[in-house]
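**Student:** structure of the sequence below:
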Amino acid sequence: MSKLVITNADAIVSGDLERGLLDGDTIVAEQGEITFVGRASDADLSGTEKIIDARGTTVVPGLIDSHVHVVLGDYTPRQKTVDFIDSYMHGGVTSMISAGEIHAPGRPRDVVGVKALAVAAAKCFQNYRPSGVKVHAGAIVMEPGLTEEDFREISGHGVWLAKVGFGQFDSPYDYEPLVRDAQKHGIKVMAHTGGASIPGSSPITHQHLLKLRPDVCGHANGGTTALSDDGIDVLVNSSDLVLQIAQAGNLRSALKIVQLASDAHALSRLLVASDTPTGTGVIPLAILKSMAELSSLGGLKPQDALAMSTGNVANVYELNTGKIEVGREADFVIMDAPYGSVAQDALEALSLGDIPGVSMVVIDGEITAGRSRNTPMAARMAGIKES
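**Tutor:** Next up is the predicted model:
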C-alpha cells in the first residue's frame, strides 16, 4: 500500500446520512487509510505515488452488499457462475457480508457440521480476497441442538455472523434462545423475513421478528414474498429493528418501507443489499440498481440511498469502511452519469433511475478496476495523473 490521491472531484458523498455531501474535491489515503478529505489547496501531496484525476465526477464510499450467499472461492454453486464476486466489484461493491453459506452442496445440518462450515468459510475468506473485495463470510445457519457454548467456541475461531430461517425448527419462535446466546458472544444475527424461500424453511412474519429481535431483518421487503402492509408498518413505526431492502425482493414493499421510514425519520435503520446469488440470479449491479429505484421511485435523495448501501451498513456491522472520513479504510467508487443520459452527474442519474457509469474502484487505497465492464460507460472517465 502506498500514498494515493483522488483530486478534481465535483462531489464527494460521505456515506453518512447526517453529513451527506462533503465540502472538498480531494481525498488522500496512505497505507490503505484515509488521511485527508478537503480542498486540494490544503492537502499534503508530497510523496504521492499515484494521483487519480476524477475529472469533475463523483466519489462515493465503496458499496457494502450486506446479503450475499457466498460459499467458498469466487464461485456460486446455486447459479454455477465463476468470478461472480469480481463482477460485483465492477458494480462498485468493495465489501460483502455473508447471509449464510446455504448453497454449499450437501450442506450439513448437524451441530458439528454447521459449526465446521461456518468456521471454514470464515477462515478461507480471511485469507482470500477475490479482486480485492473484503468478504465477511462464515455465517452459521442456526439449527436445533446449538448451545451457548457452541457460539462461544465458534466466535473464538472468527465467526461473528449467524442466519435465522433455514433451520429445522417447528416454529420460528424456537430460534429465540439461540439468537440471545449468539448475541451474547458478539455474533450479529440476520433473520430471514417473509415467505419460505427454500424447501423445509418456514415463513417469518413481523410477529416472529418482534420476538426474535435479530440485529438485521434480512430482505424485509421479501425474500421474495413480502410481509403484509400492516406488518411492515409495525416494523417501521413500532420497533427499532434494522430493516434490509434487497434487490431480489419485492419492489412495491421496498418503496413502502422507504416511505414509512422517511416519514418516521428512521432512514438510519435501513440497509440496501442484493440477496444474491439465489434463484433470482447473479446481479452484479444489484446495489446500484436498488439505489436508482429507491431514488427515482421512492423519493430518496441519492446521497441517502448511498448511505443505506455504505455508512448504515458499516454502523450496524461495526465496519471501518463505508464512509469517507479520516481514519476509515480507503474504499471508493468513482462514477458519473452514464454516457447518453440526460443527467449531468452520478447523483442526478440515480434520481432519474439511471445506473451510473463506474470509471474506477479503489479498495484499501489500491485501484482494483478501471472502467467497469458491467455498468454503462461513464460520460466522464477518471484517469491517472503523473505525480
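**Student:** what about the stretch 1-150 of the chain, any weak spots by pLDDT?
**Tutor:** Applying pLDDT under 70 to the stretch 1-150 of the chain picks out residues 1.
**Student:** swap in 90 and give it another go.
**Tutor:** Applying pLDDT under 90 to the stretch 1-150 of the chain picks out residues 1-2, 45-47, 49.
**Student:** three-state assignment of residue 176?
**Tutor:** Using DSSP: H, G, I helix; E, B strand; the rest coil, the structure places residue 176 in helix.
**Student:** and it, how close does it get to residue 214?
**Tutor:** Note on residue 176: its distance to residue 214, by CB to CB, to the nearest Å, is 10 Å. In short, each C-beta sits where N, CA and C put it, glycine included.
**Student:** one more: residue 49?
**Tutor:** From residue 49 to residue 214 the distance is 44 Å (CB to CB).
**Student:** comparing those two, which residue is more hemmed in?
**Tutor:** Neighbours per residue, other CB atoms under 10 Å: of residue 49 and residue 214, the larger number sits with residue 214, 26 against 12.
**Student:** and the closest residue to residue 188 other than its chain neighbours, what does it touch?
**Tutor:** Among residues not flanking residue 188 along the chain, residue 215 sits closest, at 4.5 Å (CB to CB, 6 or more residues apart in numbering). Contacts of residue 215 were listed using CB atoms under 8 Å, 6 or more residues apart in numbering, and they are 183, 188, 189, 190, 242, 316.
**Student:** do residue 165 as well
**Tutor:** Applying CB under 8 Å, 6+ apart, one finds that residue 165 lies in contact with 172, 191, 192, 201, 202, 204, 218.
**Student:** who's in contact with residue 150?
**Tutor:** With CB under 8 Å, 6+ apart, residue 150 has these contacts: 111, 115.
**Student:** my read: residue 152 touches residue 185, true?
**Tutor:** Yes. With contacts counted by CB atoms under 8 Å, residue 152 reaches residue 185, the gap being 5.2 Å.
**Student:** residue 58 contacts residue 348, doesn't it?
**Tutor:** No. Counting by CB under 8 Å, residue 58 stays clear of residue 348, with 9.7 Å between them.
**Student:** higher neighbour count, the two?
**Tutor:** The neighbour comparison of residue 58 against residue 348 (other CB under 10 Å) goes to residue 58, with 29 against 17.
**Student:** can you map out the strands along the stretch 251-387 of the chain?
**Tutor:** Ranges of strands within the stretch 251-387 of the chain are 270-273, 332-336, 357-363, 366-369, 383-385, based on DSSP state E, counting those that start in this stretch.
**Student:** so which residues of the stretch 251-387 of the chain form helices?
**Tutor:** Under the criterion DSSP state H, counting those that start in this stretch, the stretch 251-387 of the chain contains helices at 251-263, 286-296, 302-308, 311-317, 346-352.
**Student:** so which of the ones you listed is the most surrounded?
**Tutor:** helix 302-308 (a mean of 28; mean count of other CB atoms under 10 Å).
**Student:** ok, residue 287 - contacts?
**Tutor:** So residue 287 contacts 63, 65, 91, 92, 93, 247, 272, 273, 274, 309 (CB under 8 Å, 6+ apart).
**Student:** and those residues, which is closest to residue 18?
**Tutor:** The shortest approach to residue 18 among the contacts of residue 287 belongs to residue 309, at 16.1 Å (CB to CB).
**Student:** residues contacting the closest one?
**Tutor:** Residue 309 is in contact with 63, 64, 271, 272, 287, 290, 291, counting by CB under 8 Å, 6+ apart.
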